[in-house]
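Student: Coordinates only, no sequence provided:
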């Protein structure tokens, strides 16, 4: 577990955050800009010292102001990837990487130079300086450099925010691979729901300097009291397993606790873990199972709650298995015509399922 | 060309400038770093003190130093009580005077160069397990290198060019405190213009070379008065 609490007052801004997150997987700090996500991350790293604060990472205390304990940044086994890559301009890529590696005690090195270079595809860039790299390349070097410090906690501050769409596309696969291959916990700051739903396992929603909600992404995305479920792009995120491929129709079937979903054929092997996303606006409801519809994905579930979304629309939270909820956005008129209410059995018709990771 | 006495004066000048510059760098680096990063309310006061030699007549500075370092002065008397050799009219007194007199020429370029180092890079280095001294040596010094060179060049050149302070606290003792600028004054005083010309030419050539080296570099490292 990573547990902590910080209280920090700044001009026109105050952070009062108490939190706990799992010490594995990716935890996203998600919220609008100016909400204090980056300040919280900087407190985690120790760049900011909150006068009232406590932080323990996997049982190790990094800060405890009640006992005046504060481990300085350079003595914390962490990696930090900044929004701007912050490569050292007087060093080439290789020496930037070596900077991290050399300062990590030999006994604690979990990653060696060759591994990091291969992982992030840096071989052709090794002799270049910062000025000769594109935005995406810089960020790849910065990620490799952070990994070479052999961190026990990796902190990433919107590593994609400063990049254009092409460069984002270049980095994303590396981040997803990191997520799968590394056993170290990652705390990832983002204000992009798309990034979060692709990368995160756990979520801390940050609003006005405090933690508004936290929990597993799949749960938080659809929980009625979660701000996430009220966004334009509100979506259900489901971790599933590839069950079979339908070569005749070029489709892939994936299974999860709530049933089976069908999506466009992908190249993943049967048994592979996948993450899929269903936008609330792509879900419709029916009281009986339609047989004369073009929609392939129909799941059966029970309405848990209805919540307001807009003057004309509602969000319906449908439980399809214990702890597995699907979010549907329908008009108030439809809800009224169908007389939808909590506890009712409905059929969830999913128009499109997108593979996100 | 130059007489043995002139060569001795030049050599003394070089030794003085070298020693004073080395001391100035040792003192100037922490001071410049502190001034570059601090938000202390004392900063303007310290900056004023450092810049004072830029505007004060060297004779004023030299006079105060003479009073301070003299056998009856607060520093001089303590120094004597500790068993030190007299500070006035001695090489070590000259070094002390030169340090005070040339402080802004070293501290200002260092401060500017340190200010230009992106604090974000130091955070990045800290997150890569680099401690404070390590960060200073591995990030700050290499990035501030042009400013360091400017500080060394200007400090050295300025000590070579000083006259008033040296005259006040060093006197004019051949081989001990008679530096090149004083020797030129002596030559003119004795109407030995040819010798004055030759020695002056050496200093002009040196000063042009030193300033050219400074102005050929990017403006950010230059002291404020030279931008």
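Tutor: Arrived safely, thanks for sending. The shown structure was predicted, so the numbers you read here are calculated from the model rather than taken from an experiment.

Student: and the residue nearest the centre of chain B, what pLDDT?
Tutor: The residue lying closest to the centre of chain B (CA atoms, centre = their mean) is residue B:102, at 3.4 Å. pLDDT, residue B:102: 94.

Student: What's the local residue count around residue 8?
Tutor: Picking chain A for this. 21 (other CB atoms under 10 Å in any protein chain shown). (C-beta placed from N, C-alpha, C; glycine too.)

Student: that's the wrong chain, I meant chain B
Tutor: Neighbour tally, residue B:8, other CB under 10 Å: 17.

Student: residues in contact with it?
Tutor: B:174, B:175, B:178 (CB atoms under 8 Å, 6 or more residues apart in numbering or on different chains).

Student: what does residue A:347 give?
Tutor: So residue A:347 contacts A:285, A:286, A:287, A:288, A:289, A:290, A:298, A:299, A:300, A:301 (CB under 8 Å, 6+ apart).

Student: again, 7 Å this time
Tutor: By CB atoms under 7 Å, 6 or more residues apart in numbering or on different chains, the contact list for residue A:347 reads A:285, A:286, A:288, A:289, A:298, A:300.

Student: Enumerate the positions of the helix or strand the first one falls within that are buried.
Tutor: Read it as residue A:285. Taking DSSP states H and E as the definition, residue A:285 sits inside strand A:283-286. Neighbour-count burial for strand A:283-286, counted by 16 or more other CB atoms under 10 Å in any protein chain shown, picks out A:283, A:284, A:285.

Student: got it, and stretch B:164-182?
Tutor: B:164-171, B:177-182.

Student: From the residues you listed, pick the one nearest residue B:49.
Tutor: residue B:165 (16.1 Å; CB to CB).

Student: follow-up on the earlier one: after the strand holding residue A:285, which helix or strand is next?
Tutor: Next along from strand A:283-286, by DSSP H and E: strand A:297-308.

Student: List the neighbouring strands of that next one plus their orientation.
Tutor: strand A:313-321 (antiparallel), strand A:345-350 (antiparallel) (DSSP bridges).

Student: where does the shortest one sit relative to the chain's centre, distance-wise?
Tutor: Right, strand A:345-350. 27 Å (CA atoms, centre = their mean, to the nearest Å).

Student: do the first one as well
Tutor: Strand A:313-321 has its average C-alpha position 22 Å from the chain's average C-alpha position, going by CA atoms, centre = their mean.

Student: Next SSE downstream of it?
Tutor: strand A:324-331.

Student: What pairs with that following strand, parallel or antiparallel?
Tutor: Sheet pairing for strand A:324-331, using DSSP bridges, gives strand A:313-321 (antiparallel).

Student: related to what we said a few turns ago, will you turn the contacts of residue B:8 into CSV that also has secondary structure?
Tutor: CSV is the format used below for those (DSSP: H, G, I helix; E, B strand; the rest coil):
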residue, secondary structure
B:174, coil
B:175, coil
B:178, coil
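
Student: would you turn those into TSV with distance to chain A and pLDDT?
Tutor: Below are the contacts of residue B:8 laid out as TSV (distance: CB to the nearest CB, whole Å; pLDDT from 0 to 100):
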residue	distance to chain A	pLDDT
B:174	47	84
B:175	44	82
B:178	44	88
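
Student: quick one: which of the buried residues of stretch B:164-182 is nearest residue A:306?
Tutor: Of the buried residues of stretch B:164-182, the one sitting nearest to residue A:306 (CB to CB) turns out to be residue B:165, at 86.7 Å.

Student: Quick check: the closest one touching residue B:62?
Tutor: Yes - counting by CB atoms under 7 Å, residue B:165 touches residue B:62, with 4.1 Å between them.

Student: what about residue A:312, distance to residue B:144?
Tutor: 62 Å (CB to CB, to the nearest Å).

Student: Mind checking which of those two has more residues around it?
Tutor: Higher neighbour count among residue A:312 and residue B:144: residue B:144, with 27 against 9, using other CB under 10 Å.

Student: Over to the closest residue to that one other than its chain neighbours. Which of the three states is it?
Tutor: Distances taken as CB to CB, 6 or more residues apart in numbering or on different chains place residue B:113 nearest to residue B:144, at 3.8 Å, with adjacent residues excluded. Classification of residue B:113 using three-state DSSP returns helix.

Student: Any regions of chain B where pLDDT drops low?
Tutor: B:218-221, B:225-227 (pLDDT under 70).

Student: Show me which residues of it sit near chain A.
Tutor: For chain B, the contact set with chain A under CB under 7 Å from any CB of the partner chain comprises B:120-121, B:123-124, B:126-131, B:139, B:142-143.

Student: among those, which ones are buried?
Tutor: B:121, B:123, B:124, B:126, B:127, B:128, B:129, B:130, B:139, B:143.

Student: From these, which land in helices?
Tutor: B:121, B:123, B:124, B:126, B:127, B:143 (DSSP state H).

Student: Tabulate those (JSON lines), appending distance to residue A:210.
Tutor: Shown next, in JSON lines, are those (distance: CB to CB, whole Å):
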{"residue": "B:121", "distance to residue A:210": "31"}
{"residue": "B:123", "distance to residue A:210": "25"}
{"residue": "B:124", "distance to residue A:210": "28"}
{"residue": "B:126", "distance to residue A:210": "27"}
{"residue": "B:127", "distance to residue A:210": "25"}
{"residue": "B:143", "distance to residue A:210": "38"}
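
Student: Pull the most distant pair out of those.
Tutor: Farthest apart among these by CB to CB are B:127 and B:143. That separation is 17.5 Å.

Student: which residues do residue B:165 and residue B:62 both contact?
Tutor: residue B:97.

Student: and residue 216, how many residues sit next to it?
Tutor: All of this refers to chain A. Around residue A:216 there are 17 residues (other CB under 10 Å).

Student: actually it's chain B I care about, not the one you picked
Tutor: 7.

Student: still on that earlier bit, list the neighbouring strands of the strand holding residue A:285 plus their orientation.
Tutor: Using DSSP bridges, the strands paired with strand A:283-286 are strand A:345-350 (antiparallel).

Student: Please list the outside residues in contact with the helix or strand harbouring residue A:239.
Tutor: For residue A:239, the host element (DSSP H and E) is strand A:235-246. If you take CB under 7 Å, 6+ apart as the criterion, strand A:235-246 is touched by A:197, A:217-218, A:221-222, A:252-256, A:260-261, A:265, A:268-280, A:325-327.

Student: ok and that strand relative to strand A:345-350, angle-wise?
Tutor: 70 degrees (axes from the mean of the first three to the mean of the last three CA atoms, to 10 degrees).

Student: residue ranges of the strands in chain B, please?
Tutor: Along chain B, no segments are classed as strands by DSSP state E.

Student: quick one, longest helix in it?
Tutor: Longest helix in chain B, counting by DSSP H: helix B:4-37.

Student: buried ones in it?
Tutor: B:5-6, B:8-10, B:12-14, B:16-17, B:19-21, B:23-25, B:28-29, B:31-36.

Student: swap in stretch A:218-226?
Tutor: Buried, per 16+ other CB under 10 Å, within stretch A:218-226: A:218, A:219, A:220, A:221, A:222, A:223, A:226.
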